[in-house]
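Trainee: One predicted model, sequence on top.
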Amino acid sequence: MDPIIPQPFGVCHVVAMPWPGRGHINPMMNFCKRLLLRDPTLIVTFVVTEEWLGFIGSDPKPYRIHFATLPNLIPSELVRANNFTGFIHAIYTNLEEPFEHLLDSLSSPPPTVIISDTFVLWAVSVGTRRNIPVASFWTESAAILSLFVHSDLLAAHGHFPTEPSETKEDEVVDYIPGLSPTRLRDLPEIYHGFSHQVLISRFTPPGSFLSVSEAEMEETVGGVRESGISFLWVARGFWTHCGFNSTLEGIYSGVPMLTFPLFWDQFLNAKMIVEDWRVGMGIKSDKKTELVRRDDIKELVKRFMDGESEEVREMRRRACDLSEICRGAVAERGSSDVNIDAFLKDITKIV
């Protein structure tokens, strides 16, 4: 654990508890940095496993953010896809007690508030037992959050739980607040009746996390090559699986996206990119084999990169417009600053 210089009582001490995964740790760290930009008197204890400290411990951060570690009581990040349900179970059962012991060591000053990833369910119980307020940190889209909050409406309309079928998948969900009309097939798989175990065996080969199969990769590379379009093969870019972090990055940068969702919220994010915001095109897999075909990819990439077509020009214009909206939100005195200032006002009143 980083040494914390004793601070006088009255200083706001934030304890950040992210879900142990890259797509959750990064936004939590960025949020903590934003808090410090708005209030440099804060101190932050950022809690990760010992393994994750090895991954990110040397990354630059403000000196008022200190790392604290939990023991490696969950499967390694390097192999967790081999048993993702076991990974989730380990987080829910193995980390609560060490986290509570860690709080015992944070006394100068004592924690003012816990900011916990929404999926770290036990953080609320820990905070309640210790009379420490807990703020829930949501890393996915507001549309997904609204689905969770209004899951009773899905049940009332016979859309949860359901088994996947061609007769059901085109039914439209048009009654969730904040969610535009959406086909049932575009909702996260939990609403289709799939188990986590089925999802992982279907989408994730051993030794990786949320990866495509070797056959899909061959079809993808072949299709892009045969499109005749110059390209640079990188881990991320205009071709995206539509995790919400990557979706936000693409929107902020004003980059049209080719969407290829694999898992969970990625399907709804892809739907919003293609149909609602209209700043992307979707890659579709064969219904029988669930494999993307190189000929389909070739034609789609050629269409996507055709800068002379009105369709692509309009898509690029919308991407630029959406980027301007996002940049305005995070500009000085934009909505992001306003909301963070309101949050800081709430938590500093606790001290």
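Mentor: Yep, that arrived.

Trainee: need the contact list for residue 245.
Mentor: Counting by Cβ atoms under 8 Å, 6 or more residues apart in numbering, residue 245 touches 23, 26, 27, 139. C-betas here are computed from N, CA, C, even on glycine.

Trainee: part of a helix, is the second one?
Mentor: Read that as residue 26. Yes: with DSSP: H, G, I helix; E, B strand; the rest coil as the criterion, residue 26 is part of a helix.

Trainee: Which two of the contacts of residue 245 have the greatest separation?
Mentor: By the measure Cβ to Cβ, the contacts of residue 245 have their two most distant members at 26 and 139, which lie 8.9 Å apart.

Trainee: Looking at the two, which is more packed in?
Mentor: Per other Cβ atoms under 10 Å, whichever of residue 26 and residue 139 has more neighbours is residue 139, with 22 against 15.

Trainee: Pull the contacting residues for the more buried one.
Mentor: With contacts defined as Cβ under 8 Å, 6+ apart, the neighbours of residue 139 are 19, 23, 24, 27, 28, 117, 118, 244, 245.

Trainee: Now render these as TSV, adding pLDDT.
Mentor: Rendered in TSV, the data for the contacts of residue 139 read as follows (pLDDT from 0 to 100):
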residue	pLDDT
19	96
23	91
24	95
27	95
28	97
117	97
118	95
244	92
245	91
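
Trainee: Of these, just say which sits nearest to residue 156.
Mentor: Of all these, the one with the least separation from residue 156 (Cβ to Cβ) is residue 118, at 23.8 Å.

Trainee: Let's verify the nearest residue to residue 21 once chain neighbours are set aside: helix, strand, or coil?
Mentor: Distance criterion Cβ to Cβ, 6 or more residues apart in numbering; nearest residue to residue 21, sequence neighbours excluded, is residue 77 at 7.5 Å. Residue 77 carries the three-state label coil when classified by three-state DSSP.

Trainee: what phi and what psi does the backbone show at residue 77?
Mentor: Residue 77 adopts backbone torsions of phi -60, psi -30, taken as degrees, to the nearest 10.

Trainee: Now the helix or strand hosting residue 52: average pLDDT?
Mentor: Per DSSP states H and E: residue 52 is located in helix 50-56. Helix 50-56 carries an average pLDDT of 95.

Trainee: How about the contacts made by the closest residue in space to residue 32 that isn't next to it in sequence?
Mentor: Spatial nearest neighbour of residue 32, excluding adjacent residues (Cβ to Cβ, 6+ apart): residue 44 at 4.8 Å. The contact partners of residue 44, by Cβ under 8 Å, 6+ apart, come to 13, 14, 15, 16, 32, 35, 36, 64, 65, 66.

Trainee: ok but the second one is inside a strand, no?
Mentor: Yes: secondary structure assignment places residue 14 in a strand (three-state DSSP).

Trainee: Can you list the low-confidence ranges for the stretch 251-351 of the chain?
Mentor: The stretch 251-351 of the chain contains residues with pLDDT under 70 at 286-290, 351.

Trainee: out of the contacts of residue 139, who's nearest residue 344?
Mentor: Proximity of the contacts of residue 139 to residue 344, judged by Cβ to Cβ, is greatest for residue 28, which lies at 16.1 Å.

Trainee: from the contacts of residue 139, which is closest to residue 107?
Mentor: Checking those one by one against residue 107 (Cβ to Cβ), the nearest turns out to be residue 28, at 23.0 Å.

Trainee: So which residues of the stretch 251-351 of the chain form helices?
Mentor: With DSSP state H, counting those that start in this stretch applied, the stretch 251-351 of the chain shows helices at 266-271, 294-304, 310-330, 335-348, listed in chain order.

Trainee: shouldn't residue 172 be in contact with residue 181?
Mentor: Yes: counting by Cβ atoms under 8 Å, residue 172 touches residue 181, with 5.1 Å between them.

Trainee: thinking again about what came up before, state the distance from the residue nearest to residue 32 to residue 91.
Mentor: For residue 44, the distance to residue 91 (Cβ to Cβ, to the nearest Å) stands at 21 Å.

Trainee: Likewise for residue 274?
Mentor: Distance of residue 274 to residue 91, given as Cβ to Cβ: 33 Å.

Trainee: Pick out whichever of these two has more residues nearby.
Mentor: Neighbours around residue 274 and residue 91, counted as other Cβ under 10 Å, are more numerous at residue 91. The numbers are 23 against 20.

Trainee: Would you confirm that the more buried one contacts residue 73?
Mentor: No: Residue 91 is beyond contact range of residue 73, at 9.0 Å (criterion: Cβ under 8 Å).

Trainee: Once you drop chain neighbours, what's closest to residue 142?
Mentor: Leaving aside its sequence neighbours, residue 142 is closest to residue 178 (6.0 Å, by Cβ to Cβ, 6+ apart).

Trainee: For the one you found, which residues are in contact?
Mentor: With contact taken as Cβ under 8 Å, 6+ apart, residue 178 is in contact with 142, 143, 146.

Trainee: With residue 30 instead?
Mentor: Listed by Cβ under 8 Å, 6+ apart, residue 30 has no contact partners.

Trainee: quick one: which helix or strand includes it?
Mentor: According to DSSP H and E, residue 30 maps onto helix 22-38.
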